[in-house]
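Colleague: what shape does this take:
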Amino acid sequence: MVGLNSAYVSHISDRCVRAQEFELLSIDYAQGESDMNFVFFFSTSRRKRPLPTSRVIDSLFKAVVQFPILLGRVVSPEQSHSGTWKVVVDPDNLNWPDITEASVGGITLASLKRARYSWKRWSRVSKIPDLCERPNLPMFGLHIVRYACGGISLHTKVRHQVMDGNGIWRFYNTWAKICYDASMKPRAQAANKASEAPVHSRFTVHASLDSSSDLLSTEIQAAKSKRLDLENIFLQLVAHKRKANLTELEAPWRVHKFGLSHDALFKLKQTHGNLAQCSAGHTRDFVTKHGISFVSSNDLICAIFWRAISRANAIANPDNPLTCLMLACDVRNRINVPSTYTGNLSFPLIIHMTKDMICQQTVTETATHIRHEINNITPAFVQEMLGLMSCGKTMQNLVSMFDPANSFLSASITSGFRMYEMINFGFGKPAHIDIPAYLKPGFSIWLPTRSNKTAIFINIALRDDVFRIMMNDEEFRTYIDLIH
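Modeller: You can find the predicted model right below:
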């Protein structure tokens with residue numbers, strides 16, 4: 001454990017973190033006490049000075065002051081006596097980040113690179129515990145790992161209740177910029193401020209939804225109908241789970257890394273996506289005018305995985321006829337909140353059908369169905385989902401829904417963050433960024449990409465029997481050509 005010396009504490013006191021409270025939305029506290037994990041790998045050489053631990057921590061505390069919600073504590077409705085979940089920031093009792101450091105022998109960054117950063121290999125050096133297991137429930141955790149023959153990795157965890165991927169991405173940018181400026185101008189008194197002030201107040205979301213009160217009645221009715229559909233889905237899935245008496249850890253499972261090379265992605269798009277539509281003479285304007293969904297690369301990749309998992313589950317678990325896809329969809333641009341808003345706005349879009357039905361579809365049909373559901377996300381839908389997720393019983397059903405026999409969660413939001421371009425702590429850009437994740441069977445998370453011409457990688461947890469079946473799936477192996 002790296003101690004907090006007076007220099008770090010002075011950064012907080014000098015900048016006067018004021019007492020404040022942030023009321024959480026149902027989408028925030030529905031995340032439970034889970035963490036969002038990011039690991040940044042950096043290579044070093046003789047020409048590069050090693051990154052001093054003091055500079056990493058010093059810049060971290062300067063950054064966290066600009067994101068005061070990370071210095072607060074989550075307070076339950078019972079504790080706050082207000083009937084709502086809150087984050088309370090008390091200047092006299094700040095919730096300091098949890099920081100550890102270790103040096104490892106026998107493992108070099110070069111060996112990790114040769115193993116393509118296999119999760120099984122490098123996870124052994126990441127000893128930072130889950131934040132929810134710490135007695136004081138810190139909002140942020142950092143584990144610094146220094147490798148033999150140079151190289152460093154920063155293993156980070158952020159409480160998911162207070163920020164989603166967008167907010168965390170902005171925090172990392174601020175932290176890296178401060179550290180970079182310190183390495184370039186160690187004696188200069190730089191402003192070291194985020195380019196745009198982060199917005200933590202959840203009233204921003206309420207204000208945006210209230211301004212959408214002139215929604216068409218048909219749109220509101222469609223959203224209410226969708227909510228009823230979701231509640232019925234929950235009940236069906238929970239009933240099937242109870243009938244089969246399934247538990248998530250009955251069968252062995254592990255995390256796998258899958259990828260599509262640039263050539264494989266081009267082939268997928270050419271065969272089933274936008275390129276196929278264009279080759280048929282359909283421009284984007286034509287597609288929009290005639291109500292045809294112009295599917296994205298994400299839609300296609302998600303369809304490939306969902307279809308393969310459904311086919312594998314149909315063999316491994318024939319007694320359960322349902323299959324469910326949950327997409328984590330960022331709705332910022334749909335309800336017009338500031339881009340700097342840091343709270344959770346990744347709503348679960350749930351799509352379900354029978355395994356027989358999805359097996360009868362083509363990839364294009366499945367991807368188009370996914371795109372159609374995404375296009376139906378409206379401010380009215382967001383309002384209904386906030387109400388749905390505030391119901392404790394429904395949230396229990398939502399959690400219960402995820403067992404290996406019927407579901408697949410795809411979180412592709414982080415793949416669009418420009419982390420490789422923006423994250424620079426003063427000794428070069430990351431050699432690799434990974435998300436070890438809070439995965440359990442059926443969950444996946446997409447890794448940040450370097451550019452449009454590089455491979456797309458996805459970490460996904462699969463039961464061993466499902467994985468073995470997927471490895472013999474012809475359609476899946478046609479496009480997923482990188483497996484670690």
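Colleague: surely Pro436 meets Ala461?
Modeller: No - counting by C-beta atoms under 8 Å, Pro436 stays clear of Ala461, with 10.7 Å between them. C-beta here means a position set from N, CA and C on the backbone, and glycine is covered the same way.
Colleague: so for the two, which residue has more residues nearby?
Modeller: Between Pro436 and Ala461, counting by other C-beta atoms under 10 Å, Ala461 is the more crowded of the two (21 against 17).
Colleague: surely the more buried one meets Phe258?
Modeller: No - applying C-beta under 8 Å as the test, Ala461 and Phe258 come out as separate, 11.5 Å apart.
Colleague: distance of Ala30 from Val205?
Modeller: Going from Ala30 to Val205 by C-beta to C-beta, to the nearest Å gives 14 Å.
Colleague: wait, His81
Modeller: 23 Å.
Colleague: same drill for these two, tell me which one is more crowded.
Modeller: Val205 (24 against 8).
Colleague: sec struct for that one, please.
Modeller: Classification of Val205 by DSSP: H, G, I helix; E, B strand; the rest coil places it in helix.
Colleague: tell me the contacts of it?
Modeller: The neighbourhood of Val205, defined by C-beta atoms under 8 Å, 6 or more residues apart in numbering, consists of Leu25, Ile335, Val337, Tyr341, Gly343, Leu345.
Colleague: out of these, which sit inside helices?
Modeller: Here DSSP state H is the test, and the contacts of Val205 give Ile335 as lying in helices.
Colleague: just the contacts of Val205 now: which is nearest Ala328?
Modeller: Among the contacts of Val205, Leu345 lies closest to Ala328 (C-beta to C-beta), at 10.1 Å.
Colleague: tell me the spacing between the closest one and Ser390.
Modeller: 15 Å.
Colleague: so between the two, which is more surrounded?
Modeller: A side-by-side neighbour count of Leu345 and Ser390, using other C-beta under 10 Å, places Leu345 first with 25 against 14.
Colleague: check contacts around the more buried one.
Modeller: Contacts of Leu345 (C-beta under 8 Å, 6+ apart): Ile27, Asp164, Asn166, Val205, Asp330, Val331, Arg332, Ile335, Val337.
Colleague: repeat that for 6 Å
Modeller: Contacts for Leu345 were tallied using C-beta atoms under 6 Å, 6 or more residues apart in numbering; they are Val331, Arg332.
Colleague: next one: Ser208
Modeller: Ile335, Asn336, Val337.
Colleague: and it, helix, strand or coil?
Modeller: Put simply, Ser208 is helix when judged by three-state DSSP.
Colleague: repeat that for Phe258.
Modeller: Per three-state DSSP, Phe258 ends up strand.
Colleague: before we move on, what about Ala102?
Modeller: strand.
Colleague: quick one: Phe38 and Lys157 touch, right?
Modeller: No - counting by C-beta atoms under 6 Å, Phe38 sits too far from Lys157 to count as a contact (8.3 Å).
Colleague: looking at those two, which is more packed in?
Modeller: Using other C-beta under 10 Å, the more surrounded residue of Phe38 and Lys157 is Lys157, with 28 against 24.
Colleague: look up which helix or strand the more buried one falls in, please.
Modeller: Using DSSP states H and E, Lys157 maps to strand 152-159.
Colleague: that strand: which residues count as buried?
Modeller: Neighbour-count burial for strand 152-159, counted by 16 or more other C-beta atoms under 10 Å, picks out Ile152, Ser153, Leu154, His155, Thr156, Lys157, Val158, Arg159.
Colleague: for the closest residue to the fourth one other than its chain neighbours, give me the pLDDT.
Modeller: In space, His155 comes closest to His143 once its chain neighbours are excluded; the distance is 4.1 Å by C-beta to C-beta, 6 or more residues apart in numbering. pLDDT recorded at His143 is 89.
Colleague: any stretches of the stretch 101-250 of the chain with poor pLDDT?
Modeller: Scanning the stretch 101-250 of the chain with the threshold set as pLDDT under 70 gives 119-136, 185-195, 211-224, 226-250.
Colleague: so where do the helices sit in it?
Modeller: Secondary structure of the stretch 101-250 of the chain (DSSP state H, counting those that start in this stretch): helices located at 109-114, 119-122, 165-184, 203-210, 217-244.
Colleague: in the stretch 201-350 of the chain, which spans are strands?
Modeller: With DSSP state E, counting those that start in this stretch as the criterion, the stretch 201-350 of the chain has strands at 253-260, 322-330, 346-354.
Colleague: any chance of CSV for those strands, columns mean pLDDT, mean neighbour count and distance to Ala102?
Modeller: Shown next, in CSV, are these (pLDDT from 0 to 100; neighbours: other C-beta atoms under 10 Å; distance: least, C-beta to C-beta, whole Å):
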stretch, mean pLDDT, mean neighbour count, distance to Ala102
strand 253-260, 87, 19, 22
strand 322-330, 84, 22, 32
strand 346-354, 82, 19, 32
